[in-house]
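**Student:** structure here, sequence nowhere to be found:
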């Protein structure tokens, strides 16, 4: 009996999926690719901003000051 580990099964699945392909009547032009990249980058920027905002809100509620008392601007 042949024992296959996860890596062997994954490689076999990738090779089979590449070997058994059908026709895909689709076209993605470069403009659509740019829109997709921009949307993905915007999503990650929004996630980063949200976590940063939550962090500073939590920090101020816990009593940690973000500005020194001497810095009155």
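**Tutor:** In hand now; what should we look at? Treat the numbers as computed from the prediction; the structure is a model and nothing was measured.
**Student:** spatially central residue in this structure, please.
**Tutor:** For the chain, residue 44 is the residue whose C-alpha lies nearest the centre (C-alpha atoms, centre = their mean; 6.1 Å).
**Student:** helix, strand or coil for it?
**Tutor:** Each residue gets one of three states, and residue 44 gets helix by DSSP: H, G, I helix; E, B strand; the rest coil.
**Student:** offset the numbering so it begins at 645, please.
**Tutor:** Got it, the first residue is 645 from now on, which makes the last one we talked about residue 688.
**Student:** quick one: the helices in the chain?
**Tutor:** Along the chain, the segments classed as helices by DSSP state H run 650-663, 674-705.
**Student:** how far out from the middle of the chain is the first one?
**Tutor:** Offset of helix 650-663 from its chain centre (C-alpha atoms, centre = their mean, to the nearest Å): 24 Å.
**Student:** what's the answer for the longest one, then?
**Tutor:** The chain centroid and the centroid of helix 674-705 are separated by 10 Å, computed with C-alpha atoms, centre = their mean.
**Student:** got it, and stretch 692-710?
**Tutor:** Averaged C-alpha coordinates place stretch 692-710 at 23 Å from its chain's average position (C-alpha atoms, centre = their mean).
**Student:** pLDDT weak spots in this structure?
**Tutor:** Screening the chain residue by residue with the criterion pLDDT under 70, one finds the ranges 645, 709-717.
**Student:** distance of the residue nearest to the centre of the chain from residue 698?
**Tutor:** In this view, residue 688 and residue 698 are 16 Å apart by C-beta to C-beta, to the nearest Å. C-beta here means a position set from N, CA and C on the backbone, and glycine is covered the same way.
**Student:** can you check residue 680 too?
**Tutor:** When C-beta to C-beta is the yardstick, residue 680 and residue 698 sit 28 Å from each other.
**Student:** ditto for residue 658
**Tutor:** 39 Å.
**Student:** got it, and residue 649?
**Tutor:** Residue 649 sits at a distance of 41 Å from residue 698 (criterion: C-beta to C-beta).
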